[in-house]
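Trainee: Okay, predicted coordinates and the sequence, questions at the end:
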Amino acid sequence: GENVEQHPSTLSVQEGDSAVIKCTYSDSASNYFPWYKQELGKRPQLIIDIRSNVGEKKDQRIAVTLNKTAKHFSLHITETQPEDSAVYFCAAYTSGTYKYIFGTGTRLKVLA
Amino acid sequence: DTGVSQNPRHKITKRGQNVTFRCDPISEHNRLYWYRQTLGQGPEFLTYFQNEAQLEKSRLLSDRFSAERPKGSFSTLEIQRTEQGDSAMYLCASSLASGSKDTQYFGPGTRLTVL
């Protein structure tokens, strides 16, 4: 079946450093890629997304890049802050099937 | 609050009992999804609705699970004869489908514990 691999599973960075989380998807028909942040005990919150016709998108300290040929997409967080600590999930959406496939998550710890 | 809501937030039940969860999506959203999330994992797709029609069910969804969205608004997820392996967070999400983008907004989830 279709799947999304996400790495690393845990990531610790010093406050102010950058963090990068990578995902690889298997369904070449996937055309929309959101990223969610989930704090402990809370719902996943959409933080940024990208469509398949765009290679990069930036929103303040976060950016997402997409390489359709390699079926890779990545989340970049710059100038990390302690409040960025959470679990981050990538997902791949295919409009033909209306389904989202989620990655297994990355637990980010920003050390003050 | 105009976001997705779910009730109850927590449910503790004994093995073999039936449970029902409710999801109220964002009012104008036509798609509604159910997911299951276990500790340390991403949400796993269970089923989804386009308006009142249930369009797909995951193979994860055994015949003990049933979902409805009778009027295309709120949805219910019922689990019959619960098993300990059903313990998880059950998340609902809704979206307004638009072209290739189908941005989902999640509810707070219902945490099920089967004793």
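Mentor: Perfect, thanks for sending it. Numbers count the residues shown, from 1 in each chain, chains lettered A, B, ... in the order given.
Trainee: For chain A, which residues are neighbours of chain B?
Mentor: A:4, A:6, A:31-32, A:34, A:36, A:42-46, A:49, A:51-52, A:89, A:91, A:93, A:95, A:97-105 (CB under 8 Å from any CB of the partner chain). Heads up, the C-betas are built off the backbone N, CA and C, glycines and all.
Trainee: Try it again at 6 Å.
Mentor: A:31, A:32, A:43, A:44, A:89, A:93, A:95, A:99, A:102, A:103, A:104, A:105 (CB under 6 Å from any CB of the partner chain).
Trainee: so the first one touches residue A:53, yeah?
Mentor: No: applying CB atoms under 6 Å, one finds residue A:31 not in contact with residue A:53, separated by 8.1 Å.
Trainee: neighbour-wise, which of these two wins?
Mentor: Per other CB atoms under 10 Å in any protein chain shown, whichever of residue A:31 and residue A:53 has more neighbours is residue A:31, with 19 against 9.
Trainee: Please report the distance of the more buried one from residue B:94.
Mentor: According to CB to CB, to the nearest Å, residue A:31 stands 20 Å off from residue B:94.
Trainee: can you tell me the residue of chain A closest to chain B?
Mentor: residue A:102 (3.4 Å; CB to the nearest CB).
Trainee: That residue: what's its closest spatial neighbour, skipping adjacent residues?
Mentor: residue B:42 (3.4 Å; CB to CB, 6 or more residues apart in numbering or on different chains).
Trainee: count of neighbours near the one you found?
Mentor: 22.
Trainee: Then the one 5 residues further on?
Mentor: If you count neighbours by other CB under 10 Å, residue B:47 ends up with 21.
Trainee: Show the model's pLDDT score for it.
Mentor: If you check residue B:47, the pLDDT there is 93.
Trainee: Is it bridged to anything, and to what?
Mentor: The partner list for residue B:47 in beta bridges (DSSP bridges) reads residue B:34, residue B:57.
Trainee: now it: how far from residue A:40?
Mentor: 27 Å.
Trainee: what do you get for residue A:93?
Mentor: 26 Å.
Trainee: out of the two, which sits in the busier spot?
Mentor: residue A:93 (25 against 8).
Trainee: residues in contact with the more buried one?
Mentor: By CB atoms under 6 Å, 6 or more residues apart in numbering or on different chains, the residues touching residue A:93 are A:32, A:100, B:102.
Trainee: Give me the average confidence score over the one helix or strand it maps to.
Mentor: Assessed by DSSP states H and E, residue A:93 sits inside strand A:86-94. Per-residue pLDDT over strand A:86-94 has a mean of 95.
Trainee: who does that strand pair up with?
Mentor: By DSSP bridges, strand A:86-94 pairs with strand A:32-38 (antiparallel), strand A:99-102 (antiparallel), strand A:106-111 (antiparallel).
Trainee: list the buried ones in the helix or strand just after the first one?
Mentor: In this case it means strand A:32-38. Tracing the chain past strand A:32-38, the next element assigned as helix or strand by DSSP H and E is strand A:45-51. Of all the residues in strand A:45-51, those buried under the rule 16 or more other CB atoms under 10 Å in any protein chain shown are A:47, A:48, A:49, A:50.
Trainee: Distance of residue A:5 relative to residue A:46?
Mentor: Distance of residue A:5 to residue A:46, computed by CB to CB: 21 Å.
Trainee: For the residue nearest the centre of chain B, which residues are in contact?
Mentor: Note on chain B: the residue nearest the mean C-alpha position is residue B:34, at 3.1 Å, using CA atoms, centre = their mean. The neighbours of residue B:34, taking CB under 6 Å, 6+ apart as the test, are B:46, B:47, B:67, B:77, B:92.
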